[in-house]
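Asker: heads up, no residue letters with this:
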């Protein structure tokens, strides 16, 4: 197992491949500026900002993954506002849970009868505090 987010398990085996690519994390601080007459502004650290993570996943039936089922899981997470920990390599990413704030999907291969054989999804997670 590579990791997991909610009920989505990232794994590679001889029967199933479900992983992510282009993982990107934005970690920031919150800063305020105070105006001082006749002088430069003074900066003040107000605390950590929210982490934001983006990544892509390829869902392919030939790798033991049901693309339509996986897309529906993610759509439900987005539309119901579900939050959970993102775990990679047995360690949580950050200290808090994350919400899937958006996703963008592309249906790459559709067979006759409408069977979805492969899809690509871009996911955005934002720290839930």
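Answerer: Arrived safely. Keep in mind it's a predicted model, so treat the numbers as computed, not measured.

Asker: OK, contacts around the nearest residue to residue 20 once chain neighbours are set aside?
Answerer: Counting by C-beta to C-beta, 6 or more residues apart in numbering, the nearest residue to residue 20 once its immediate chain neighbours are dropped is residue 55, at 4.3 Å. Every residue, glycine included, has its C-beta placed from N, CA and C. Counting by C-beta atoms under 8 Å, 6 or more residues apart in numbering, residue 55 touches 20, 21, 22, 23, 24, 122, 123.

Asker: Return the closest of the residues you listed with respect to residue 106.
Answerer: Nearest to residue 106 among the contacts of residue 55, counting by C-beta to C-beta, is residue 122 at 8.5 Å.

Asker: Could I get the pLDDT score of the most far-flung residue of the chain relative to its centre?
Answerer: What lies farthest from the middle of the chain is residue 38; by C-alpha atoms, centre = their mean that is 45.6 Å. On the pLDDT scale, residue 38 is placed at 96.

Asker: Over to residue 112?
Answerer: For residue 112, the model assigns a pLDDT of 89.

Asker: what do you get for the one 10 residues further on?
Answerer: Residue 122 is assigned a predicted lDDT (pLDDT) of 98.

Asker: what are the ranges of the strands in this structure?
Answerer: 3-5, 8-12, 17-18, 21-26, 29-34, 42-48, 52-60, 83-84, 86-88, 91-92, 97-110, 116-128 (DSSP state E).

Asker: okay, these in TSV with distance to residue 71 next?
Answerer: Output for the strands of the chain, formatted as TSV (distance: least, C-beta to C-beta, whole Å):
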stretch	distance to residue 71
strand 3-5	15
strand 8-12	11
strand 17-18	13
strand 21-26	17
strand 29-34	34
strand 42-48	32
strand 52-60	7
strand 83-84	18
strand 86-88	19
strand 91-92	25
strand 97-110	6
strand 116-128	6
